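In: Sequence and predicted structure are below.
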Amino acid sequence: MQRTLGQDIHIIGTGLHSGRPARLRLRPAAADRGIWFRRVDISGRDNMIPARWDRVNDTLLSTGIANENGVGVSTIEHLMAALAGCGVHNAIIEIDGPEVPIMDGSAARFVSDIWKAGLVEQGQAPHVLEILQPVRAAQGGAFAELTPLDHFEIDFTIEFPDTLIGRQSAALDMRNGSFVHDLADCRTFCRAEDVNKMRAAGRALGGSLENALVIDGDHYQNAEGARRDDECVRHKMLDALGDLMLAGAPVLGRYRGYKAGHNLTNVLLRKVFSTPGAAVLRRATQAETQCLPGPALRDFALLQAG
């Protein structure tokens with residue numbers, strides 16, 4: 001069944017790239033409403049932005065979306081991943097600024113607050129985007145692809161041969177609470193040598209060791225080090241799930257990324273929707289609802305209890 005939040009969620013934090021404070025209010029929404037953002041600091045023009053692939057207007061170091069009037073919100077991928085990973089299909093996200101707060105650089109805080117709010121089943125089957133034939137987007141030596149599968153999996157590889165990261169690969173079946181248990185706490189990362197370049201370009205102005213894993217050659221600048229040996233590739237998987245949530249429905253298929261990022265995943269979605277016969281958007285069967293990202297049966301009682 002479709003799900004929405006059991007109650008409002010309030011979050012305060014700082015934007016990673018803008019450095020600006022932001023307040024979020026996540027609210028329940030009706031069945032088939034989908035995920036929408038509302039810029040409550042803007043009046044006199046349309047301030048509603050659908051979280052959808054064809055509204056993406058920025059993929060440089062994060063994902064941003066905007067409506068037809070140019071009202072937008074950026075760095076949405078971690079929050080979108082948390083909603084997808086917890087099986088939330090419908091919600092209104094009110095925000096008083098242009099960027100979703102970064103929190104600790106992962107999706108853990110968003111997941112925790114969704115856990116506390118609980119979930120409500122809404123009596124209608126969710127839509128799914130079933131991949132019917134392979135689709136690939138490539139750029140340089142990087143690629144992202146979707147291939148048919150009766151559930152959803154992510155397979156990702158990254159390579160940074162000049163740093164501690166090196167080559168990392170991971171693959172996960174995203175059923176039964178995998179996101180919550182295996183990806184949600186994995187933080188965004190960067191190389192120390194890139195920090196000044198990003199700030200000179202007006203990015204990462206709110207970045208710190210409190211919200212990013214910083215790799216400096218053969219060591220981490222963060223005193224606590226990595227949360228997992230392969231935290232970096234797992235964070236890329238988290239990003240991919242958040243960006244794929246912009247399909248407007250959970251994906252039935254296998255996502256494979258090699259050195260891919262926000263732009264390639266969005267290019268991939270655009271190609272899926274523009275290629276005849278590549279995919280179909282339809283209601284999930286009862287059996288298929290068990291194959292989608294969301295809480296495991298052992299977790300759902302906790303969500304229901306709030």
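Out: Looks like it came in fine.
In: Just the element for residue 252, please.
Out: Of the helices and strands defined by DSSP states H and E, residue 252 is found in strand 251-258.
In: C-alpha coordinates for that strand, CSV please?
Out: Extracted as CSV, the C-alpha positions of strand 251-258 are listed here (Å, rounded to 0.1, in the frame of the first residue of the first chain):
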residue,chain,number,x,y,z
VAL,A,251,11.8,1.5,-9.7
LEU,A,252,11.5,-2.2,-10.5
GLY,A,253,14.9,-2.8,-12.0
ARG,A,254,18.6,-3.0,-11.4
TYR,A,255,20.6,0.3,-11.3
ARG,A,256,24.3,0.0,-12.0
GLY,A,257,26.6,3.0,-11.7
TYR,A,258,30.3,3.3,-12.5
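In: How far does whichever helix or strand comes after it sit from its chain's centre?
Out: Moving toward the C-terminus from strand 251-258, the next helix or strand (DSSP H and E) is helix 262-274. Here helix 262-274 is found 15 Å from its chain centre; the criterion is CA atoms, centre = their mean, to the nearest Å.
In: What lies in contact with helix 262-274?
Out: Contacts with helix 262-274, where a contact means CB atoms under 8 Å, 6 or more residues apart in numbering, come from 53-54, 56, 59-63, 77, 129, 131, 135-139, 142-146, 239-240, 243-244, 246-247, 257, 278-279. No exception for glycine: its C-beta is placed from N, CA and C like everyone else's.
In: what helices or strands is the strand holding residue 252 leaning on?
Out: Strand 251-258 makes packing contacts with strand 127-131, strand 142-147, strand 152-160, helix 231-244 when contacts are defined by 3 or more CB pairs under 8 Å, 6 or more residues apart in numbering; DSSP states H and E.
In: now, of the ones you listed, which is deepest in the fold?
Out: Across those, the average number of neighbours (mean count of other CB atoms under 10 Å) peaks for helix 231-244, which reaches a mean of 26.
In: Need the mean per-residue confidence for that one.
Out: If you average the pLDDT over helix 231-244, you get 98.
In: ditto for stretch 27-42
Out: The predicted model gives stretch 27-42 an average pLDDT of 97.
In: Residues in contact with it: which ones?
Out: With contacts defined as CB under 8 Å, 6+ apart, stretch 27-42 is touched by 2, 4-8, 25, 47-52, 65, 71-73, 76, 80, 83, 88-98, 120, 122-124, 245, 248.
In: hang on, residue 84 packs against residue 242?
Out: Yes - using CB atoms under 8 Å, residue 84 is in contact with residue 242, at 6.7 Å.
In: which residues touch the closest residue to residue 216 other than its chain neighbours?
Out: In space, residue 216 comes closest to residue 192 once its chain neighbours are excluded; the distance is 3.9 Å by CB to CB, 6 or more residues apart in numbering. Residue 192 is in contact with 214-217, 221, counting by CB under 8 Å, 6+ apart.
In: and if you look at residue 149?
Out: Listed by CB under 8 Å, 6+ apart, the contact partners of residue 149 are 131, 252-254.
In: next one: residue 255
Out: 144-146, 152-155, 240, 244.
In: For those, please prepare TSV with the additional fields distance to residue 30.
Out: Shown next, in TSV, are the contacts of residue 255 (distance: CB to CB, whole Å):
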residue	distance to residue 30
144	32
145	34
146	29
152	25
153	30
154	29
155	35
240	28
244	23
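In: Nearest to residue 174 among those?
Out: Each of those was scored against residue 174 by CB to CB, and residue 152 proved nearest at 4.7 Å.
In: roughly how far apart are the closest residue to the closest one other than its chain neighbours and residue 75?
Out: In space, residue 152 comes closest to residue 174 once its chain neighbours are excluded; the distance is 4.7 Å by CB to CB, 6+ apart. Going from residue 174 to residue 75 by CB to CB, to the nearest Å gives 22 Å.
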